[in-house]
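1. Predicted coordinates and the sequence they were generated for:
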Amino acid sequence: MTALQCRGLCVRPMLLAVDLEVAAGECLGIVGPNGAGKSTLLAVLAGGIRPDAGTLSVSGSRAWMPEGFRVDPGVPGREWLAMAAAQPGWDAAFAARALEALPVPLDRPVGRLSMGERTRLGLLVTLPREASLLLLDDPFLGLDPAAQLAAQALVSERAGPDRAVVLASSDVDSILRLCTAIAVLRAGRLGSRRSIDALTEAAAASGITPIEQVARQMDPGGVAWLCDSLTQPAKGT
């Protein structure tokens, strides 16, 4: 079942005619250079930004975690969590496990939380919702290694056959671990998706790691040259 479909989405000058389709059970990772429009795309898919052109269709409910959980800085985390829990379709048991895995000083206003703590709070507010589409913008931003592993496990738990996940991140390694497919957003256009299995098979055949393959798509000139230079033997050896 198609959970999300868009055709020709434009938010000038950031997005130019983006086509995308995600089915239930898929976890699509979107990567791209800084400023490529990843956050803008997820905001449009979540209904937070009205596109200048194009069509968008979503089957069922959406849950969106904006990058860095940029919300009213004066409101304590406990109030954000309470407001989320009051909405229909809240998985209280999962929320309790998530809070144990990603503890946050909930009595502190959001503006006094560190970047990693705001990311934790964003995950705690978003992941327990029983939405058919999860939109996660940089869900590992600022997390320490232990928290990152815990967050990856929670996202993996929420992905399932009845839910679609779109995850935008600069952390290609996390996307390769969690997602079923990946697509590169560059210069306002979304490239064709590639399955993680296909990247792995290509790596085995070519010797080019999946991360290098993605990097070459993100910056065909500079990054490809850098990858080639790093794999060539030094002169005089």
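-> Structure received.
2. Beta-bridge partners for the residue nearest to the spatial centre of the chain, please?
-> Closest residue to the average C-alpha location of the chain: residue 167 at 2.1 Å, with Cα atoms, centre = their mean. With DSSP bridges as the criterion, residue 167 is bridged to residue 29, residue 136.
3. isn't it right up against residue 28?
-> Yes - counting by Cβ atoms under 8 Å, residue 167 does reach residue 28; the two are 7.1 Å apart. In short, each C-beta sits where N, CA and C put it, glycine included.
4. Just list what the helix ranked longest in the chain packs against, helices and strands only.
-> Assignment by DSSP state H gives helix 145-158 as the longest helix of the chain. With contacts taken as 3 or more Cβ pairs under 8 Å, 6 or more residues apart in numbering; DSSP states H and E, helix 145-158 sits against helix 92-101, helix 115-126, strand 164-168, helix 172-178.
5. quick one: average pLDDT of that helix?
-> For helix 145-158, mean pLDDT is 95.
6. those helices in this protein, which residues are they?
-> 38-46, 77-85, 92-101, 115-126, 145-158, 172-178, 196-206, 210-218, 222-231.
7. now the second one, how far from the centre of its chain.
-> Yep, that's helix 77-85 we're talking about. From the chain centre to the centre of helix 77-85 is a distance of 22 Å (Cα atoms, centre = their mean, to the nearest Å).
8. Kindly report the same for the longest one.
-> Centre-to-centre, helix 145-158 and its host chain are 13 Å apart (Cα atoms, centre = their mean).
9. how big is the angle separating it from helix 115-126?
-> Per axes from the mean of the first three to the mean of the last three Cα atoms, to 10 degrees, the angle that helix 145-158 makes with helix 115-126 is 20 degrees.
10. Now do helix 145-158 and helix 92-101, the angle between them.
-> 170 degrees.
11. ok, now the first one?
-> Computed with the same axes, to 10 degrees, the direction of helix 38-46 lies at 160 degrees from that of helix 92-101.
12. So for helix 38-46, what gets flagged as buried?
-> Within helix 38-46, the residues that qualify as buried are 38-46, counting by 16 or more other Cβ atoms under 10 Å.
13. Give the other helices and strands that it contacts.
-> Going by 3+ Cβ pairs under 8 Å, 6+ apart, helix 38-46 lies up against strand 2-11, strand 15-23, strand 27-31, strand 53-58, strand 62-65, strand 133-137, strand 164-168.
14. Of those, which is nearest residue 121?
-> Across the helices and strands packed on helix 38-46, the minimum distance to residue 121, taken as Cβ to Cβ, is reached by strand 62-65, at 9.6 Å.
15. what lines up beside that closest one in the sheet?
-> When DSSP bridges is applied, strand 62-65 pairs with strand 133-137 (parallel).
16. Could you export the partner strand as CSV, CA atoms only?
-> What follows is strand 133-137, C-alpha atoms only, in CSV (Å, rounded to 0.1, in the frame of the first residue of the first chain):
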residue,chain,number,x,y,z
LEU,A,133,4.0,7.7,8.1
LEU,A,134,7.0,8.8,10.2
LEU,A,135,9.0,11.8,9.0
LEU,A,136,12.3,12.1,10.9
ASP,A,137,14.6,15.0,10.2
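17. tilt between it and strand 27-31?
-> 30 degrees.
18. Mean confidence (pLDDT) on strand 133-137, please.
-> For strand 133-137, the per-residue pLDDT averages 97.
19. and the angle for it with strand 15-23?
-> Going by the same axes, to 10 degrees, strand 133-137 makes 130 degrees with strand 15-23.
20. now the angle between strand 164-168 and strand 133-137, please.
-> Going by the same axes, to 10 degrees, strand 133-137 makes 10 degrees with strand 164-168.
21. Which one, of the helices and strands packed on helix 145-158, ends up nearest to residue 187?
-> Evaluated with Cβ to Cβ, those place strand 164-168 nearest to residue 187, the distance being 16.0 Å.
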